[in-house]
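Asker: here are the coordinates; sequence isn't available:
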C-alpha cells in the first residue's frame, strides 16, 4: 500500500514558467513533509520541508504548500531553470516517534529551454 | 565532511552469488537507513539503525537480505543468494536525531545488476 503517492511520473515545463509537482498521502499520522531532488547517478538531496502546523514554506524559488484536509502537498518552482531538471521525491514522516520517512515514487521534471 | 560514502558504485554479479554493499555514514550522525530504488515502488526503506541498533527491518524483502552495523561508522547490506529481481539501486542515508528534524543525507548509491 503506497502511503505517499506522486501520480505524475513526468512533467515538462518551459524555462521561466512555474513548475508544480504534486504529492498525496493517506496516513493522517504524518506531520512532517519533505521534498528531495535527485540527479542521475547521484543520491537524493534535501530541498525543502514543511511541518503540519504550517500551510506554506518558502525558500527562494521553491515553495511548498500543504493542504492537511485534502492530504495533499505541492512544490512550486518559479521561475523554472534548466538546472531544475531532475527527479523530485516527496517524503513524509512524523515529528515525534521514529525518524522513518516514507517516500513517493518520484516525478521526473524536465525544463525545456 | 565527505558525506555518506557507499561502495561499490556498481556491482554486477551472477544469480546465486553473495553480494555485500557497504556504507560509511556522516561522522556524528546516529541514524542510518538502507533504501532500494525501483521504478515501480520508488524509494523503499529496507531497514534503519539508531545508535547501531536495528530499529525497523519491516522493509527487508526476505531472509536473503541482512544488514549489520558493527560500529557508528560502518554498515553493510548483504544479499545471499542474489536473484535477478534484486537488481536495483541501493542507497544508504544517515541523519542526526534532533538536528534538522528528519532530514536524511544520502550516498550516491550502488547500482546492482544480478544476471
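Answerer: Looks like it arrived, so ask away. Worth saying up front: this structure is predicted, and the values here are computed from it rather than measured. Numbers count the residues shown, from 1 in each chain, chains lettered A, B, ... in the order given.
Asker: residue numbers of chain A in contact with chain B?
Answerer: Within chain A, the residues that sit near chain B (CB under 8 Å from any CB of the partner chain) are A:2, A:6, A:32, A:34, A:36, A:41-46, A:49, A:89, A:91, A:93, A:95, A:98-106. No exception for glycine: its C-beta is placed from N, CA and C like everyone else's.
Asker: just the ones of these in helices?
Answerer: Members of the residues of chain A next to chain B lying in helices (criterion: DSSP state H): none.
Asker: buried subset of these, written for PyMOL?
Answerer: Burial among the residues of chain A next to chain B is assessed by 16 or more other CB atoms under 10 Å in any protein chain shown; the matching PyMOL selection reads:
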select buried, chain A and resi 6+32+34+36+43+44+46+49+89+91+93+99+100+101+102+103+104+105+106
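Asker: count the neighbours of residue B:58 for me.
Answerer: Residue B:58: 8 surrounding residues under other CB atoms under 10 Å in any protein chain shown.
Asker: for it, which three-state class applies?
Answerer: Under the three-state scheme (DSSP: H, G, I helix; E, B strand; the rest coil), residue B:58 adopts coil.
Asker: tell me how far it lies from residue B:103.
Answerer: Noted for residue B:58: a distance of 22 Å to residue B:103, by CB to CB, to the nearest Å.
Asker: go on, residue B:36?
Answerer: 20 Å.
Asker: please apply the same query to residue B:48.
Answerer: Taking CB to CB, one finds residue B:48 at 14 Å from residue B:103.
Asker: so for these two, which residue has more residues nearby?
Answerer: Neighbour totals were compared for residue B:48 and residue B:103, and residue B:48 leads with 25 against 18 (other CB under 10 Å).
Asker: which residue packs closest to the more buried one, ignoring adjacent ones?
Answerer: residue B:33 (4.4 Å; CB to CB, 6 or more residues apart in numbering or on different chains).
Asker: quick one, what contacts that neighbour?
Answerer: The neighbourhood of residue B:33, defined by CB atoms under 8 Å, 6 or more residues apart in numbering or on different chains, consists of A:101, B:45, B:47, B:48, B:49, B:92, B:93, B:94, B:95, B:104.
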